[in-house]
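1. Predicted model follows, preceded by the sequence.
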Amino acid sequence: MTPQKIDVRQLGHVMRAMRVAAGLTQVDIAKALGVSRPAITNIEAGRRDNIYLHHLVRCATRSGFDMMLVIRPNKSHYETKPTQARQQS
């Protein structure tokens, strides 16, 4: 299974939109996440290679948003190749 790469730029834009909608500053979010304000600037600009899930959850919570993570098999998980089906019989 190939891991899906998340577009950190898009994720940073989402974090910024939540912060702005809540009327919070980058300093407010930085304090909630336990990071520096420049780190928030880099996250929002998509200049961070990784964003921790707990940071995203804390940002959403502090901004007054609910967050739901959905993990489900993709379509190929349900497809059974004919050779696999015969071997299982």
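-> Now that the structure is in, tell me what you want to look at.

2. Spell out, range by range, the helices that occur in this structure.
-> Applying DSSP state H to the chain gives helices spanning 8-21, 26-33, 37-44, 53-62, 75-78, 82-88.

3. Show me what the longest one is packed up against.
-> In terms of contacts (3 or more CB pairs under 8 Å, 6 or more residues apart in numbering; DSSP states H and E), helix 8-21 is packed against helix 26-33, helix 37-44, helix 53-62. C-betas here are computed from N, CA, C, even on glycine.

4. Low-confidence stretches in the chain?
-> 1-5, 77-89 (pLDDT under 70).

5. Run a quick neighbour tally on the nearest residue to Met15 once chain neighbours are set aside.
-> Closest residue to Met15 apart from its sequence neighbours, by CB to CB, 6 or more residues apart in numbering: Cys59 at 5.1 Å. Burial of Cys59, expressed as a neighbour count using other CB atoms under 10 Å, amounts to 25.

6. From Arg72, how far off is Cys59?
-> Using CB to CB, to the nearest Å, Cys59 is found at 24 Å from Arg72.

7. cool, and Gly64?
-> When Gly64 is compared with Arg72 (using CB to CB), they lie 27 Å apart.

8. of those two, who's got more company?
-> Gly64 (11 against 5).

9. right, and the more buried one touches Gly23 too?
-> No: counting by CB atoms under 8 Å, Gly64 stays clear of Gly23, with 9.7 Å between them.

10. Would you quantify the distance from the residue nearest to Met15 to Ser76?
-> Relative to Ser76, and taking CB to CB, Cys59 is found at 32 Å.

11. Please name the nearest non-neighbouring residue to Phe65.
-> Met18 (5.2 Å).
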